[in-house]
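Engineer: the following block contains a protein sequence and its predicted model.
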Amino acid sequence: MRRPKQLLENEDRLVTRMGAWFPGERVVFRGKDLFNELSHQRWMGLLLYGITGRLFTDKQIQLFEGIWTLSTSYPDPRLWNNRVAALAGTARSTGALGIGAAVAVSEATIYGGRPVLGAIDFLLRAQKHLDKGFELADFVNQQLQQNRLIAGYGRPIIGIDERIEPLTEFAAQLGFRDGPYVELAFQVEEILLKNRFRLHMNVAALAAALAADQGLSEQEYYQYSVLCFTAGMFPCFINERNEPEGTFLPLSCRRVSYNGPPRRSWDESADVNDRHKE
């Protein structure tokens with residue numbers, strides 16, 4: 001609870017541990033000079049430093065960039081969040097509003113942000129379970145009984161995830177294929193398939209495992225993932241922005257299935273209003 005004393009103590013006072021801009025002089029970014037100490041950082045490296053407060057190696061930064069490139073950046077306007085960006089383009093909205101709205105709806109429950117967060121949460125809890133000496137199969141079965149699903153396993157529309165193989169190969173090239181959480185993710189898939197649950201691993205589990213192997217916490221991984229779909233959103237917005245206005249997924253009135261009151265004439269509506277007045 002914010003007590004009056006706390007509010008008064010912070011009136012006309014801004015305290016931050018993250019950084020500050022000194023006009024005409026310098027910028028401090030999490031305690032480091034942006035122009036001198038962080039100037040060599042790639043954008044992904046700076047993003048990760050801003051989220052975690054830790055500096056990552058070039059190979060780690062390549063890995064985090066590759067996760068986005070190979071698993072989240074499909075420029076397909078049929079995808080739920082890309083569709084929002086495309087609709088913004090066809091409505092002649094601005095790019096900032098269109099992409100912002102598309103990012104907001106990326107936190108979907110069945111797919112998108114929620115499974116992304118759920119996948120790393122599951123893997124972190126599974127590892128704690130193993131550290132206590134329990135069996136992984138027992139933990140997997142318990143999760144299925146409680147929730148009837150496991151985030152990162154199974155996929156709408158099709159069971160096999162085409163992104164697993166290229167992302168696994170990419171991680172192997174960088175030396176990150178055999179991390180403990182990646183091995184754990186594949187062990188869970190083996191248990192699910194062995195017990196005939198027909199739940200193959202999807203890329204959410206693999207990406208979460210790769211991030212966990214690099215030391216990201218649940219919330220750090222979530223923050224990292226917020227912008228992960230944007231590379232596919234911009235093409236969808238731009239394409240519809242360049243097409244005739246309003247031509248993206250139009251629906252004629254005759255395609256609307258309506259079961260409400262029958263259509264009335266204006267005269268009948270006027271009579272009803274007159275009777276109400278009386």
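Structural biologist: Received it, and whenever you're ready, just let me know what you need.

Engineer: got the buried residues for stretch 28-35?
Structural biologist: Buried residues in stretch 28-35, counting neighbours by 16 or more other Cβ atoms under 10 Å, are found at 29-30, 32, 34. Using the backbone N, CA and C atoms, a C-beta is placed for each residue, glycine as well.

Engineer: what's the answer for stretch 226-233, then?
Structural biologist: Result for stretch 226-233 [16+ other Cβ under 10 Å]: buried residues 226, 228-230, 232-233.

Engineer: in TSV: the residues you listed, plus secondary structure.
Structural biologist: TSV is the format used below for those (DSSP: H, G, I helix; E, B strand; the rest coil):
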residue	secondary structure
V226	coil
C228	coil
F229	coil
T230	helix
G232	helix
M233	helix
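
Engineer: what's the farthest-apart pair in the residues you listed?
Structural biologist: With distances taken as Cβ to Cβ, the most widely separated pair in the buried residues of stretch 226-233 is V226 and G232, at 14.4 Å.

Engineer: excluding chain neighbours, what is closest to E65?
Structural biologist: Spatial nearest neighbour of E65, excluding adjacent residues (Cβ to Cβ, 6 or more residues apart in numbering): M44 at 5.0 Å.

Engineer: Three-state assignment for that neighbour, please.
Structural biologist: helix.

Engineer: got the contact list for it?
Structural biologist: 61, 64-65 (Cβ atoms under 8 Å, 6 or more residues apart in numbering).

Engineer: if you rank those by neighbours, which is first?
Structural biologist: Neighbour counts for these, by other Cβ atoms under 10 Å, peak at F64, which reaches 22 neighbours.

Engineer: tell me the phi and psi of M201?
Structural biologist: Backbone torsions for M201, taken as degrees, to the nearest 10, come to phi -70, psi 140.

Engineer: an error on my part: the question was meant for E165.
Structural biologist: Per-residue torsions, E165: phi -60, psi -50 (degrees, to the nearest 10).

Engineer: tell me the contacts of the nearest residue to P180 once chain neighbours are set aside?
Structural biologist: Excluding the flanking residues, the one nearest P180 by Cβ to Cβ, 6+ apart is D213, at 6.6 Å. Applying Cβ under 8 Å, 6+ apart, we find D213 in contact with 176, 179-182.
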